[in-house]
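Asks: let's see this in three dimensions:
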Amino acid sequence: MLRIRKYFIGGVIGLLLGLWMGVNIGADRPLWSNPFASRTLAERAKDVAHDAIKDTKKALRDKLSD
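Replies: Just a heads-up that it's a prediction; the model follows:
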């Protein structure tokens, strides 16, 4: 009985840690950061600017290759 309880508790703890890390991986954050924290405006603006630069580079490369 004690052995089953240890496995059950270990499974629950593993499930919770796995969900915690999975949410952070999906949000492209460090593994141990808070998955419920909202991103700041500066972080969101930085991501948008980074994506715009990538898209601009791709468009320029496509245009120059023609």
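Asks: rest of the way, CA atoms for contacts and neighbours
Replies: OK.
Asks: so where do the helices sit in the chain?
Replies: 2-26, 41-65 (DSSP state H).
Asks: which one of those lies closest to Asn34?
Replies: Asn34 lies closest to helix 2-26 among the helices of the chain, at 7.8 Å (C-alpha to C-alpha).
Asks: ok, and for the closest one, which residues are buried?
Replies: Of all the residues in helix 2-26, those buried under the rule 16 or more other C-alpha atoms under 10 Å are Trp20, Met21, Val23, Asn24.
Asks: same check on stretch 29-39?
Replies: Buried residues in stretch 29-39 (16+ other C-alpha under 10 Å): Pro35.
Asks: any idea which helix or strand in the protein has the lowest mean pLDDT?
Replies: helix 41-65 (a mean of 92; mean pLDDT, DSSP states H and E).
Asks: what helices or strands is that helix leaning on?
Replies: For helix 41-65, there is no helix or strand it packs on, judged by 3 or more C-alpha pairs under 8 Å, 6 or more residues apart in numbering; DSSP states H and E.
Asks: can you list the domains in this protein?
Replies: What automatic domain parsing lists as the domains of the chain is 1-35, 39-66.
Asks: what about the least confident helix or strand of the chain, distance to the chain center?
Replies: How far helix 41-65 lies from its chain's middle: 20 Å, per C-alpha atoms, centre = their mean, to the nearest Å.
Asks: pretty sure Val23 is touching Ala37, no?
Replies: No. Counting by C-alpha atoms under 8 Å, Val23 stays clear of Ala37, with 11.4 Å between them.
Asks: now Val23: how far from Leu15?
Replies: Applying C-alpha to C-alpha, to the nearest Å, the value for Val23 to Leu15 is 12 Å.
Asks: right, I mislabeled it, should have said Thr56
Replies: Distance from Thr56 to Leu15, by C-alpha to C-alpha: 41 Å.
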